[in-house]
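[1] Whatever this is, show me its structure:
(one chain, ligands or ions: 1)
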Amino acid sequence: MRLAAQAISVAKRLSDVSLMLEPGTITAICGPNGAGKSTLLETLAGLLEPDSGAALLDGEPLAAMTPRTRGQKIGYLPQAHEIAWDVPVRSLVALGRMPHGDSDPAPVAASLAALDLQSFAERRAQSLSGGETARVLLARVLAGEPAWILADEPLAALDLAHQLALLRHLRSAAKAGAGVVLVLHDLALAMNHADRVVVLDKGRVAADGGCENALATEVVERVWGVTARWIGEPGQRALVTF
Ligand SMILES: Nc1ncnc2c1ncn2[C@@H]1O[C@H](COP(=O)(O)OP(=O)(O)OP(=O)(O)O)[C@@H](O)[C@H]1O
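    Have a look, this model is predicted:
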């Protein structure tokens, strides 16, 4: 099931963005503040309709699908981590089953386990810390077992151990055939964990490809205006800035 953005322009926030995203892989979207990363993710989730071009899932425009059909196929985690309902964590995570019209306990339990949330299952959702809240909202996305997982800065509030556990989980989801698209500010996480990086700058694609090329120091300097050098081996790189 391929997800594509075809020559998309969105309200002057994105211009001429064309991407074909492959299932079974992790794609990172990187770029400076205001570059259009969240706008692109919302467009790929079918939540923002482009002024020109189209977002397509297996060739079918997302705009032509019902929200329920879209929700069965695409799980979306927005950047703002807010919980409006003070319900138990397990009930909140079970809302991820809504597009399927069931409350199947197996995927709910699996996603609670994947995010290390079993001991929080009966806690009121609004009593959680920022990082715990972020994990609960991601568990809700995973409970829907979507073919595509689109997450805006899913790692930002997580401690190191939970970041790595989540990345391992997303890698196994990708190995099982899911498409994973993550907005990431941490370029080292993108470099070490993504298969492909799309760099946005001022609403346009500035680089797109394998991590070593798309995040080459020349790109980091041109797009972020920062002089930097990658050290370490592929897969274990760190970015040193000057
Ligand atoms: N609802 C909106 N109305 C008007 N402009 C908007 C709206 N949402 C975002 N923008 C603008 O569109 C541009 C892209 O925003 P977007 O949130 O996609 O950037 P981003 O790359 O995700 O940024 P950040 O790293 O700061 O989260 C920014 O200049 C932003 O100010």
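[2] make it CA atoms for all contacts and neighbour counts henceforth
    OK.
[3] Name the SS class of the residue most central in space within the chain, please.
    Nearest residue to the geometric centre of the chain (CA atoms, centre = their mean): residue 151, 2.3 Å. Of the three states, residue 151 takes strand according to DSSP: H, G, I helix; E, B strand; the rest coil.
[4] Double-check residue 143 against residue 113; I have them as touching.
    No: look at residue 143 against residue 113 with CA atoms under 8 Å: they stay out of range, at 10.7 Å.
[5] Looking at those two, which is more packed in?
    Neighbour count, other CA atoms under 10 Å: between residue 143 and residue 113, residue 143 has more, with 26 against 14.
[6] Count residues in the vicinity of residue 135, would you?
    What residue 135 shows, counting by other CA under 10 Å, is a neighbour count of 26.
[7] For my notes, confirm it occurs in a strand.
    No: the assignment for residue 135, made by three-state DSSP, is helix rather than a strand.
[8] Hmm, it is touching residue 115, no?
    Yes: using CA under 8 Å, residue 135 is in contact with residue 115, at 6.0 Å.
[9] looking at the sheet around the residue nearest to the centre of the chain, what are its partners?
    Using DSSP bridges, the bridge partners assigned to residue 151 are residue 77, residue 182.
[10] Please renumber the chain so that the first residue is 50 from this point on.
    Sounds good: first residue 50 from here, last item residue 200.
[11] Look at stretch 274-291 and report the distance between its end residues.
    End-to-end distance for stretch 274-291: 11 Å, by CA to CA, to the nearest Å.
[12] how far is that stretch from where the chain is centred?
    23 Å (CA atoms, centre = their mean, to the nearest Å).
[13] Any buried residues in it, and which?
    Residues of stretch 274-291 classed as buried: 277-279, 286-287 (neighbour count, 16 or more other CA atoms under 10 Å).
[14] List just the nearest of these to the ligand.
    residue 277 (19.4 Å; CA to the nearest ligand atom).
[15] For the biggest helix by length in the chain, which helices and strands make contact with it?
    Counting residues, the longest helix found in the chain (DSSP state H) is helix 209-224. Secondary structure elements in contact with helix 209-224, counted by 3 or more CA pairs under 8 Å, 6 or more residues apart in numbering; DSSP states H and E, are strand 75-79, helix 154-163, strand 228-232.
[16] Generate JSON lines for these, with mean pLDDT and distance to the ligand as supplementary columns.
    Below are the helices and strands packed on helix 209-224 laid out as JSON lines (pLDDT from 0 to 100; distance: least, CA to the nearest ligand atom, whole Å):
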{"stretch": "strand 75-79", "mean pLDDT": "98", "distance to the ligand": "8"}
{"stretch": "helix 154-163", "mean pLDDT": "95", "distance to the ligand": "26"}
{"stretch": "strand 228-232", "mean pLDDT": "98", "distance to the ligand": "8"}
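[17] Residue 268: which of these is closest?
    Nearest to residue 268 among those is strand 75-79; the distance by CA to CA comes to 11.3 Å.
[18] quick one: contacts of that closest one?
    For strand 75-79, the external contacting residues (CA atoms under 8 Å, 6 or more residues apart in numbering) are 70, 86, 219-220, 223, 228-234, 236, 239, 242-249.
[19] all strands for this protein, in order.
    Ranges of strands in the chain, per DSSP state E, are 52-59, 63-70, 75-79, 101-106, 109-110, 123-126, 197-201, 228-232, 245-250, 253-258, 277-280, 287-290.
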